[in-house]
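Colleague: give the three-dimensional model of this entry:
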Amino acid sequence: MKTFSGYSCIGIAVLTLVVLSVLFSGCTSFSRQGTPAPVSTPATTVSTPSPVVTNVTASLPYGVTITVPAGWTRQDVLASGPRDYGTTTVNIANFYSPVAIPGDPASYTALSVDVDQDPGADFEKYFNNATLAVDKTYGVPIQIEAHSYTITISGYKSYELDFQTSEVKGTYIFTSTENGMYIFAFRVPNEPPAVQAFQAAIVDIYKSIRIHPPTVEVTPHR
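Modeller: Got it, this is the predicted structure:
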């Protein structure tokens, strides 16, 4: 009887271990089945922004190329007429900046590109006459700075004329070439925001000017 009891206890113990193993195995399987599958992340496409155009180069008649800020408006003219610097020239083209003062439609910089095909041989005399003519055109009070030193525009000798009144500020550049006198005339209302925008743009513009011999004969409108 003792032996039978001993085997019975052992059998019960073994049976208990088997049951626990099955239960543990079932819990483990359930735990694995309940684990969510990893979610794949879609690839992110990075778009390359388009380059911002900050300057525009214009090719003009009479062999002129010039670069102006993007947003400036170009007007092709090719008409002869008297100018405020005292001579009759061909107005090749004009450029106009956006307004510098919101709500003020006149607060823009204007650039006229002109050519005088018969300026004479005396550059200094031509420039001095232009200075006197500007003084006469805009009247008193006027402040004029005539810079009779050499500026290089596309390799050509050039003179600069700066002036201002209470209403307008101007910088005119006279460039003497074998094809005539080119005049680049900047004008802007004498208002601080407009003048600041003008001064920020003018140097880069006139440094960009290139003058080449005209390849096509251009007849201006009379």
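Colleague: okay, now the domains of this structure?
Modeller: The chain resolves into domains spanning 1-33, 55-211 when parsed by automatic domain parsing.
Colleague: next, format the ones you listed as a markdown table and append mean pLDDT and mean neighbour count.
Modeller: To be clear about C-beta, it is placed using only N, CA and C from the backbone, and glycine gets the same treatment. Compiled in a markdown table, the domains of the chain are given as follows (pLDDT from 0 to 100; neighbours: other Cβ atoms under 10 Å):
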| stretch | mean pLDDT | mean neighbour count |
| --- | --- | --- |
| domain 1-33 | 43 | 9 |
| domain 55-211 | 93 | 17 |
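Colleague: who's in contact with the spatially most central residue of the chain?
Modeller: Central residue of the chain (Cα atoms, centre = their mean): Thr54, 1.9 Å from the mean position. Contact analysis of Thr54 by Cβ atoms under 8 Å, 6 or more residues apart in numbering lists 69-70.
Colleague: so what pLDDT did it get?
Modeller: pLDDT recorded at Thr54 is 87.
Colleague: tell me the spacing between it and Leu111.
Modeller: According to Cβ to Cβ, to the nearest Å, Thr54 and Leu111 sit 17 Å apart.
Colleague: repeat for Glu178
Modeller: 24 Å.
Colleague: just Ser208 next, same as before
Modeller: 12 Å.
Colleague: what's the answer for Thr152, then?
Modeller: According to Cβ to Cβ, Thr152 and Leu111 sit 19 Å apart.
Colleague: same question, Ser154
Modeller: From Ser154 to Leu111 the distance is 16 Å (Cβ to Cβ).
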